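Asks: Fold the following, please.
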Amino acid sequence: AIPAVNIFDDLSLRAAIKAAERESSPIIIQASVKTARSIGVRMLTCMVQEAASRTTVPVALHLDHCPDQQMAHEVIAARWSSVLFDASDRDLATALKETREVVNSAHAVGVEVEAEIESIVGVEDGVGSDVAGHAYTTRQLADFVEQTNAGLLAPHVGTAHGVYKGRPNLLPERVAELVTMTNRPIVLHGGTGLTAAEFRSFIVAGVSKINISTAVKEAYMRAAANHLSHAEKTQHWDPPSMFRDVSVAVEAAVAEYI
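Replies: Next comes the predicted model:
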């Protein structure tokens with residue numbers, strides 16, 4: 001399985017790639033729609049291209065949880081590696097129509113599309129819901145993939161975005177069924193907080209892409225908070241020192257998951 005790590009700026013980007021180098025692992029760099037809009041698609045594209053040109057590990061660039069067709073087309077035009085078109089808030093007919101449109105546009109220029117039409121519980125960077133929504137049978141999901149020609153599928157498998165408040169009811173057997181039915185890579189969302197054994201059960205079942213976001217956010221923000229607390233006490237204000245602490249923390253968090 002390939003780690004797909006959400007980044008938020010140049011610090012987290014370089015730290016994630018450094019962790020991949022350290023572990024000799026390919027890595028998918030992901031940005032939320034919120035991050036892509038904050039930095040700008042052109043700027044973010046250039047940042048990742050520059051960082052990727054300085055490493056020997058394979059690096060891909062992916063737009064995470066995008067419900068907006070216009071934004072999806074913007075990163076497709078910028079030739080990102082892939083985009084998750086998130087139609088989980090739409091009825092099945094609308095999701096089918098819009099996903100097919102995005103796939104056709106993407107495939108025309110060699111970009112891949114991850115499809116999501118089931119609700120994966122939890123809000124991530126303003127996208128999603130804490131209330132379960134659409135759910136489909138594995139047959140319906142397989143038919144959807146066939147009709148849209150999406151390259152990857154993000155189904156509901158018992159995980160959730162954010163921090164788990166209890167142990168989730170995981171469904172690796174659903175992954176295995178979908179791999180057989182679709183012959184597509186299956187994506188695991190809500191990876192933060194799972195145990196090593198739980199990750200292994202999903203990978204053995206056929207998960208090929210594992211998303212890590214919350215753990216990176218926590219590592220980043222806690223390192224910044226600790227540094228600022230120390231700076232307040234010592235009255236020593238040095239931004240590059242904080243950047244170093246944040247980078248070290250993010251690299252360690254990403255390396256652990258890899």
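Asks: For the stretch 51-200 of the chain, which segments count as helices?
Replies: Assigned helices in the stretch 51-200 of the chain, in chain order: 69-77, 92-107, 138-148, 172-182, 196-205 (criterion: DSSP state H, counting those that start in this stretch).
Asks: now those as CSV including mean pLDDT and mean neighbour count?
Replies: Placement of C-beta: from N, CA and C, glycine included. Output for those, formatted as CSV (pLDDT from 0 to 100; neighbours: other CB atoms under 10 Å):
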stretch, mean pLDDT, mean neighbour count
helix 69-77, 98, 18
helix 92-107, 98, 17
helix 138-148, 98, 17
helix 172-182, 97, 18
helix 196-205, 95, 15
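Asks: how about the ones you listed in CSV, adding distance to residue 113?
Replies: Shown next, in CSV, are these (distance: least, CB to CB, whole Å):
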stretch, distance to residue 113
helix 69-77, 8
helix 92-107, 5
helix 138-148, 8
helix 172-182, 14
helix 196-205, 22
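Asks: looking at those, which is closest to residue 15?
Replies: Closest to residue 15 of the helices of the stretch 51-200 of the chain is helix 196-205 (CB to CB; 21.1 Å).
Asks: tell me what that closest one is packed against?
Replies: helix 172-182, strand 207-212 (3 or more CB pairs under 8 Å, 6 or more residues apart in numbering; DSSP states H and E).
Asks: Next secondary structure after the shortest one?
Replies: It refers to strand 207-212. helix 214-234 (DSSP states H and E).
Asks: Give the rounded mean pLDDT of the next helix or strand after that next one.
Replies: Helices and strands here follow DSSP H and E; after helix 214-234, the next one along the chain is helix 239-257. Averaged over helix 239-257, pLDDT sits at 97.
Asks: Specify the angle between helix 239-257 and helix 196-205 in degrees.
Replies: Helix 239-257 and helix 196-205 meet at an angle of 60 degrees, taking axes from the mean of the first three to the mean of the last three CA atoms, to 10 degrees as the criterion.
Asks: can you list contacts of helix 239-257?
Replies: Contacts of helix 239-257 with the rest of the structure, by CB atoms under 8 Å, 6 or more residues apart in numbering, involve 3, 5, 11-12, 14-16, 18-20, 22-23, 191, 210, 212, 215-216, 218-220, 222-224, 226-228, 231.
Asks: what about burial for the residues you listed, which qualify?
Replies: 3, 5, 11-12, 14-16, 18-20, 23, 191, 210, 212, 215-216, 219-220, 223-224, 227 (16 or more other CB atoms under 10 Å).
Asks: Name the nearest residue to residue 184, ignoring sequence neighbours.
Replies: With sequence-adjacent residues excluded and distances taken as CB to CB, 6 or more residues apart in numbering, residue 184 is closest to residue 153, at 5.2 Å.
Asks: who's the one you found bridged to?
Replies: Per DSSP bridges, the residues bridged to residue 153 are residue 115, residue 186.
Asks: re earlier: who wins for proximity to residue 47 among the helices of the stretch 51-200 of the chain?
Replies: helix 69-77 (13.6 Å).
Asks: Could I have the CA atoms of that closest one written out in CSV?
Replies: Extracted C-alpha coordinates of helix 69-77, given in CSV (Å, rounded to 0.1, in the frame of the first residue of the first chain):
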residue,chain,number,x,y,z
GLN,A,69,-16.1,20.0,-10.6
GLN,A,70,-14.5,23.3,-11.5
MET,A,71,-11.7,22.8,-8.9
ALA,A,72,-11.2,19.2,-10.2
HIS,A,73,-10.8,20.5,-13.7
GLU,A,74,-8.3,23.1,-12.5
VAL,A,75,-5.9,20.5,-11.1
ILE,A,76,-6.5,18.3,-14.1
ALA,A,77,-5.4,21.2,-16.3
